[in-house]
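Undergrad: Please find the sequence and the predicted model below.
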Amino acid sequence: MGLKHHARDLLRRGGIELSPYRKSYTARRRRLMQSLGVDLVVDVGANDGLYVKTIRRAGYRGRVLSLEPDSRTFATLARAAAGDPLWDCERLAAGATAGYLTLHQSEDPLYSSVLPILDDRTPKYVSSEEIPVQRLDDVLADVPGSAPFVKIDVQGFEAEVLDGAPDTLSRAAAVEIEISPVAMYENQRELMTDTIERLADHGLVLGLTQNVWEDTSTGRALQFDGLFIRS
């Protein structure tokens, strides 16, 4: 057995599967973005900017607007965007109506949410802060982009973001959003089938998925990244 195959066999025994980069989720997302002519990425729930760094490394060179309400991570996000003239960011949450909400801040900012979490295996909420909220349609009203790509990572608050974005959804080339077959947060209004139906009403169909959260004891998938494209 060659060295490469031997290493792959050892990793597989340890529960790690390798696949060519071209077949990876990141690479396939980039090819979809290219085929759709994406000229604006709207990063809703940007955290510290890792998502934009990932698509930049994959080759996307167009405009980006990142929205992140958590003051703890926004400073890091702003520093990351400062050296990129095509990357703007705002300390802001997207929702159904303009106003203010309370953000529950987790030990790990990735899990911070407006909604209380149901899964007790995730990092605990340790503090909270009031955050500004705007409708995504209003935020993007004067932002140029003929083929926007909207990424939404808002920890159970997806329905409210979509409620404030009907015009955005109607013109988006693609939407990447977390979809859950089971509720992960209290008062989570939409599950996976609801989101699929809502986006289909706007001409967007599921084109790519990635499992991002699972029950490690059973192997059951609890949450996916779903990438919906203009049909």
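TA: Alright, I've got the coordinates. Numbering: from 1, shown residues only.

Undergrad: T97 reaches G164, doesn't it?
TA: Yes. Contact status for T97 versus G164: in contact at 6.9 Å, counting by CB atoms under 8 Å. Glycine gets a C-beta too; all of them are placed from N, C-alpha and C.

Undergrad: Distance from stretch 204-215 to the middle of the chain?
TA: Centroid displacement of stretch 204-215 relative to its chain, using CA atoms, centre = their mean, to the nearest Å, is 11 Å.

Undergrad: ugh, wrong one, I meant stretch 132-151
TA: Here the centre of stretch 132-151 is set off from its chain's centre by 15 Å, with CA atoms, centre = their mean.

Undergrad: And that stretch, what's buried?
TA: Neighbour counts over stretch 132-151 (16 or more other CB atoms under 10 Å) mark 133-136, 139-140, 145, 147-151 as buried.

Undergrad: what residues are shared contacts of T97 and G164?
TA: Counting by CB atoms under 8 Å, 6 or more residues apart in numbering, the contacts common to T97 and G164 are R135.

Undergrad: For those two, indicate the residue with more neighbours.
TA: Applying other CB atoms under 10 Å to T97 and G164 shows that G164 carries more neighbours, namely 20 against 12.

Undergrad: Tell me how far the more buried one lies from Q223.
TA: Taking CB to CB, to the nearest Å as the measure, G164 and Q223 are separated by 22 Å.

Undergrad: likewise P144?
TA: Distance check for P144 against Q223: by CB to CB, it reads 33 Å.

Undergrad: For stretch 83-97, give the mean pLDDT please.
TA: Computed over stretch 83-97, the mean pLDDT rounds to 97.

Undergrad: can you offset everything so residue one is 41?
TA: Right, with 41 as the first residue, what we last looked at is stretch 123-137.

Undergrad: Output that stretch as PDB, nothing but the C-alphas.
TA: Written as PDB, here are the backbone C-alpha positions of stretch 123-137 (Å, rounded to 0.1, in the frame of the first residue of the first chain):
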ATOM      1  CA  GLY A 123      -7.500  45.900   5.400                       C
ATOM      2  CA  ASP A 124     -10.000  44.900   2.700                       C
ATOM      3  CA  PRO A 125     -11.500  47.900   0.700                       C
ATOM      4  CA  LEU A 126     -14.300  45.800  -0.600                       C
ATOM      5  CA  TRP A 127     -15.400  44.500   2.900                       C
ATOM      6  CA  ASP A 128     -17.800  46.700   5.000                       C
ATOM      7  CA  CYS A 129     -19.200  45.700   8.400                       C
ATOM      8  CA  GLU A 130     -21.900  47.100  10.700                       C
ATOM      9  CA  ARG A 131     -22.700  46.300  14.400                       C
ATOM     10  CA  LEU A 132     -26.300  45.300  13.700                       C
ATOM     11  CA  ALA A 133     -28.700  42.300  13.800                       C
ATOM     12  CA  ALA A 134     -31.200  41.500  11.100                       C
ATOM     13  CA  GLY A 135     -34.800  40.900  12.100                       C
ATOM     14  CA  ALA A 136     -38.500  41.200  11.200                       C
ATOM     15  CA  THR A 137     -38.800  44.800  12.500                       C
END
